[in-house]
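> Predicted model and sequence follow; I will ask about them next.
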Amino acid sequence: MRLYAIPKQDIGKLVKEFSRRYMVIAPLKVGGRSIFGKMKDENFADVDLFGARPSTPPKSAVFPPFTTLFKFRKKGRQLELLKANAQVSRTILFGVKPCDVKGLRIFDEVFQKGVIDPGYKEIRDNLFLVSADCLEPTDYCFCSSFGISPVSTNGSDLHVSDLGKKVIINVNSNRGLKLLEETDVKLVKPTKAELVNLKVRRNKAERKVAAAQYQFDLPLIRKNIKLFYRHPFLEKLGPIWKELSWRCVECGGCVFSCPICHCHYIIDRLEGAEGERARVWDACLFEGYSRMAGGANPRPKLPNRLRQWYFCKFSYFPEQYRDFGCVGCGRCTQACFGRIDPREVLFSFTSLFKQLGKISERIITKYGTV
């Protein structure tokens, strides 16, 4: 890993030079909040590189809300398959926070391991990641609960850190080094004083996130969460899905703002003799998501769908991808009209399973078995 220092005012120059060769997507201040958007000449002043993580995740850069998978043409009783003709741009995701970098790495597990999604792979091969320290975590953030540091430099091609008057650039890959070499920005090695200052700033951000963490036990939750299936009586002891459903308005905000959720449905659109098959974002909390042909629906009620959302993230994901389906960005809570907070739910899970463990120990002590 190489470290370079540049004057802070040169960050704008760096982004402008990148935008001449690549499509650059970066956090932009819009209406008082930060969202990911395409860089244009008129919005360079709106870049919010070192603020809190944006309200929107960067997943639409690799998993667009609407994707044409292929086109087709009717010829009598036959169908001729045609390519989607989608032009994949060489793209730089600039200013991505460590939680979102981890989210993209989990996306890679989903779409590039086992059965490879060719469209996703083409987009990912043409994508460069430039991450940034998260020095201002929000009150909703709990990334450190999942072992993610708000100042982690892992997983990106370049990583930038704010030092006030200067910016430190970590070069994490050969691709990242090539990006820098394509620019005219003068790079110098940071001084020892600058590195000490960097460490102080990063430690402060880590302490702020750690202070906001709930004391829930993720390994315990993963081990015991399926008890809800085998023992329905636990519904009365733990967080009751019905109570959560009273607060949920089924808006899908938690799903669409999540950097990991990738629920979708497939549609065919036909106009005359030509048509297309497309993938469109969907949400497992919507009633129609699991509805099948003939009208059968295994999850017709909202409490069941809410339970499925938690099971997916904290049971099924670890089983299939060896990682939780959550990075602790807190966007779901921020987007929720009912203020459903997964931290509170996970904390109540932990309390419940610890109580059950004590009950089991007493039964084993008395009877020798459960």
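In hand now; what should we look at?
> all contacts plus neighbour counts: C-alpha atoms, from now on.
Fine.
> For stretch 326-337, measure first residue to last.
20 Å (Cα to Cα, to the nearest Å).
> Which residue ranges of this protein form strands?
Using DSSP state E, the strands found in the chain span residues 2-7, 23-30, 33-38, 66-75, 78-82, 91-96, 127-132, 158-162, 166-171, 264-271, 274-281.
> What pairs with the third one, parallel or antiparallel?
So that's strand 33-38. strand 23-30 (antiparallel) (DSSP bridges).
> the inter-axis angle of the partner strand versus strand 91-96?
40 degrees (axes from the mean of the first three to the mean of the last three Cα atoms, to 10 degrees).
> The closest residue to Ile266 other than its chain neighbours: neighbouring residues, count only.
Distances taken as Cα to Cα, 6 or more residues apart in numbering put Arg279 closest to Ile266, at 4.8 Å, once the chain neighbours are dropped. Arg279: 19 surrounding residues under other Cα atoms under 10 Å.
> And the closest residue to Gly12 other than its chain neighbours, how far from Val15?
Nearest residue to Gly12, sequence neighbours excluded (Cα to Cα, 6+ apart): Phe44, at 7.3 Å. Distance, Phe44 to Val15, using Cα to Cα: 8 Å.
> What of Gln87?
From Gln87 to Val15 the distance is 23 Å (Cα to Cα).
> closest to Thr56 out of the strands of the chain?
Minimum separation from Thr56 across the strands of the chain (Cα to Cα) falls at strand 33-38, 5.3 Å.
> Quick check: the gap between Glu206 and Ile148.
10 Å.
> Which one of those two is surrounded by more residues?
Legend: neighbour count by other Cα under 10 Å for Glu206 and Ile148, higher for Glu206 (21 against 18).
> Do I have it right that that one meets Ser149?
Yes. Counting by Cα atoms under 8 Å, Glu206 does reach Ser149; the two are 6.6 Å apart.
> the domain parsing of this structure - what is it?
Annotated domains of the chain cover 2-211, 218-367 [automatic domain parsing].
> Could you dump those domains into JSON lines and include mean pLDDT?
Formatted as JSON lines, the domains of the chain follow (pLDDT from 0 to 100):
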{"stretch": "domain 2-211", "mean pLDDT": "89"}
{"stretch": "domain 218-367", "mean pLDDT": "84"}
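> higher neighbour count, Gln87 and Val15?
Taking neighbours as other Cα under 10 Å, Gln87 and Val15 compare with Val15 leading, 20 against 7.
> ok, that one - contacts?
By Cα atoms under 8 Å, 6 or more residues apart in numbering, Val15 lies in contact with Val24.
> From Asp41, how far out is it?
On the measure of Cα to Cα, Val15 and Asp41 end up 11 Å apart.
> Likewise for Ala296?
Distance from Ala296 to Asp41, by Cα to Cα: 51 Å.
> Check Gly330 too.
31 Å.
> Counting neighbours, go ahead and name the busier of the two.
Set Gly330 next to Asp41 and count neighbours by other Cα under 10 Å: Gly330 wins out with 23 against 8.
> ok, that one touching Ser145?
No. At 11.6 Å, Gly330 does not count as touching Ser145 under the criterion of Cα under 8 Å.
> And Tyr310, how close does it get to Tyr316?
9 Å.
> give me every residue that touches the residue nearest the centre of the chain.
Central residue of the chain (Cα atoms, centre = their mean): Pro259, 2.0 Å from the mean position. For Pro259, the contact set (Cα under 8 Å, 6+ apart) comprises Pro57, Pro58, Lys59, Asp100, Gly103, Leu104.
> One more pass at 7 Å, please.
Pro57, Pro58, Lys59, Asp100, Gly103 (Cα atoms under 7 Å, 6 or more residues apart in numbering).
> For stretch 126-136, list every residue counted as buried.
Under the neighbour-count criterion of 16 or more other Cα atoms under 10 Å, stretch 126-136 has Leu127, Phe128, Leu129, Val130, Ser131, Ala132, Asp133, Cys134, Leu135, Glu136 buried.
> swap that for stretch 215-232, please
For stretch 215-232, by 16+ other Cα under 10 Å, it's Phe216, Asp217, Leu218, Ile221, Arg222, Asn224, Ile225.
> In this structure the fourth one contacts Leu352, no?
No. Applying Cα atoms under 7 Å as the test, Ile221 and Leu352 come out as separate, 9.5 Å apart.
> about what we covered before: would you turn the buried residues of stretch 126-136 into a markdown table with distance to Gly252?
Formatted as a markdown table, the buried residues of stretch 126-136 follow (distance: Cα to Cα, whole Å):
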| residue | distance to Gly252 |
| --- | --- |
| Leu127 | 27 |
| Phe128 | 29 |
| Leu129 | 27 |
| Val130 | 29 |
| Ser131 | 27 |
| Ala132 | 28 |
| Asp133 | 29 |
| Cys134 | 26 |
| Leu135 | 29 |
| Glu136 | 26 |
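> out of these, which one sits closest to Ser156?
Nearest to Ser156 among the buried residues of stretch 126-136: Leu129, at 5.0 Å, using Cα to Cα.
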